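**Student:** Any chance you could fold what I've pasted below:
(one chain, ligands or ions: 2)
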Amino acid sequence: MKIGVIGGGAWGTALAQVAARGGDVTLWVREGEVADAINATRTNPLFLPGVTLSDAIRATTDAGELHDTEALLVVAPAQHVRSVLSAIDVGTRALVLCAKGIEAGTRLLVGEVARAVHPQAPVAVLSGPTFAHEVAAGKPTAVTLACADAPLRDRLAERLAAPAFRPYASDDVIGAEIGGAVKNVLAIACGVVEGAGLGQNARASVIARGFAEMTRFGLARGARAETLAGLSGLGDLVLTCSSTASRNYSLGVGLGQGRAAAELMADRRTVAEGAFTAPVLREAAAEAGVDMPVTAAVGALLDGTPVAQVIDTLLARPLRHEGL
Ligand SMILES: NC(=O)C1=CN([C@@H]2O[C@H](COP(=O)(O)OP(=O)(O)OC[C@H]3O[C@@H](n4cnc5c(N)ncnc54)[C@H](O)[C@@H]3O)[C@@H](O)[C@H]2O)C=CC1
Ligand SMILES: O=C(CO)COP(=O)(O)O
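**Tutor:** Numbering: from 1, shown residues only. Ligands and ions are numbered 1, 2, ... in the order given. I've put the predicted structure just below:
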């Protein structure tokens, strides 16, 4: 199965490296200088510095060169998945969504966007605790690979698996997507706890209560609890809520220090998806009648509410039962 990868950021490049263990890979990238660097120097200095890429990866800015691939890993940022996919003749090839987020305006998960743009294409989701630099370095990593079509899922898993890269099968596509989208918002919240100096007890509480609100939202959208408690949900939540290697967590640290979101987001070339997901998740939660106080707090901070006020509002909420 020849693999195409759409998106040459850190994660697309790392996944191309994973797929290149099993054969040739065509990597579509947006920036000409990134394609040139990959083909000439076997590196992506802009988005994944320090990694020597496989000779089996060929980078291109011409989506037409994806024509001979059988499955496409979609790794553009969530807000750009629609425009990027619209420019590609996908047909009935499998689309494996690897971005984590919810589209603004439509409130669709990226798999739902893919289905809307290419209704003939089967959809899978690959998601989990996966810092790109660790995957590219061959460090042991496990992911959820969710797809309703079991034979296709098995073929994809076999094609991508390696001793240090273990896909775990699931048929809960919505659940795998919701975990990845929501955890980015919660990672911002945990960064805020760090930046504001609120302590490790508070961070653990945000992880646990954040997981409760991820679960409430997921169940309301048809996800299964076991998926949310797995690699793509709790696993990724724990990873990104505990490390400044997470762009979302780092953004939260800045917000917690009282810096403005606009200043922290200005001129950045890498994506912190939680900043785009938080406002749309807040809307989606309101629409579904699901209480998501941590998400609301992150949304308020991104809107410019002072950090002390946001924390006071969270802590002043009425006491409640711990269950969902
Ligand atoms: N970096 C990581 O460790 C991981 C990232 N992801 C997810 O993968 C997705 C892509 O993230 P990264 O590869 O980290 O990106 P990145 O932050 O390394 O690079 C930014 C990417 O955005 C693209 N981009 C910027 N403006 C664009 C536009 N107008 N249209 C289309 N593309 C545009 C750039 O070409 C580049 O590929 C995100 O949803 C992220 O949450 C998932 C797992 C791990
Ligand atoms: O999704 C990720 C790891 O699983 C990457 O997290 P950040 O986007 O916060 O860096």
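
**Student:** ok, which stretches of the stretch 101-250 of the chain are helices?
**Tutor:** For the stretch 101-250 of the chain, applying DSSP state H, counting those that start in this stretch gives helices covering 110-117, 132-136, 150-160, 173-195, 200-220, 225-228, 236-240, 247-256.

**Student:** what packs against the last one?
**Tutor:** So the one you mean is helix 247-256. The helices and strands touching helix 247-256, judged by 3 or more CB pairs under 8 Å, 6 or more residues apart in numbering; DSSP states H and E, are helix 173-195, helix 261-265, helix 273-288, helix 293-303. Quick note: C-beta positions are derived from backbone N, CA and C, even for glycine.

**Student:** now do 6 Å
**Tutor:** Packing partners of helix 247-256 (3 or more CB pairs under 6 Å, 6 or more residues apart in numbering; DSSP states H and E): helix 173-195.

**Student:** before we move on, what about the fifth one?
**Tutor:** The elements that helix 200-220 packs onto, with contact taken as 3+ CB pairs under 6 Å, 6+ apart, are helix 173-195, helix 225-228.

**Student:** returning to what we had before: adding mean pLDDT as columns, could you present the helices of the stretch 101-250 of the chain in TSV?
**Tutor:** Shown next, in TSV, are those (pLDDT from 0 to 100):
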stretch	mean pLDDT
helix 110-117	98
helix 132-136	98
helix 150-160	98
helix 173-195	98
helix 200-220	97
helix 225-228	98
helix 236-240	98
helix 247-256	97
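
**Student:** right, so of the helices and strands packed on helix 200-220, which gets closest to ligand 1?
**Tutor:** helix 173-195 (6.4 Å; CB to the nearest ligand atom).

**Student:** Dump the closest one to PDB, restricted to CA.
**Tutor:** Provided in PDB are the C-alpha atoms of helix 173-195 (Å, rounded to 0.1, in the frame of the first residue of the first chain):
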ATOM      1  CA  VAL A 173     -14.000   7.000  15.000                       C
ATOM      2  CA  ILE A 174     -15.900   9.800  16.800                       C
ATOM      3  CA  GLY A 175     -14.400   8.800  20.200                       C
ATOM      4  CA  ALA A 176     -10.900   8.900  18.900                       C
ATOM      5  CA  GLU A 177     -11.500  12.300  17.400                       C
ATOM      6  CA  ILE A 178     -13.100  13.800  20.400                       C
ATOM      7  CA  GLY A 179     -10.300  12.800  22.700                       C
ATOM      8  CA  GLY A 180      -7.600  14.400  20.500                       C
ATOM      9  CA  ALA A 181      -9.600  17.600  20.000                       C
ATOM     10  CA  VAL A 182     -10.600  18.200  23.600                       C
ATOM     11  CA  LYS A 183      -7.300  17.300  25.200                       C
ATOM     12  CA  ASN A 184      -5.600  20.300  23.400                       C
ATOM     13  CA  VAL A 185      -8.000  22.700  25.200                       C
ATOM     14  CA  LEU A 186      -7.300  21.000  28.500                       C
ATOM     15  CA  ALA A 187      -3.500  21.100  27.900                       C
ATOM     16  CA  ILE A 188      -3.800  24.900  27.600                       C
ATOM     17  CA  ALA A 189      -5.600  24.900  31.000                       C
ATOM     18  CA  CYS A 190      -2.900  22.800  32.600                       C
ATOM     19  CA  GLY A 191      -0.300  25.200  31.200                       C
ATOM     20  CA  VAL A 192      -2.200  28.100  32.800                       C
ATOM     21  CA  VAL A 193      -2.000  26.300  36.100                       C
ATOM     22  CA  GLU A 194       1.800  26.100  35.700                       C
ATOM     23  CA  GLY A 195       2.200  29.700  34.500                       C
END
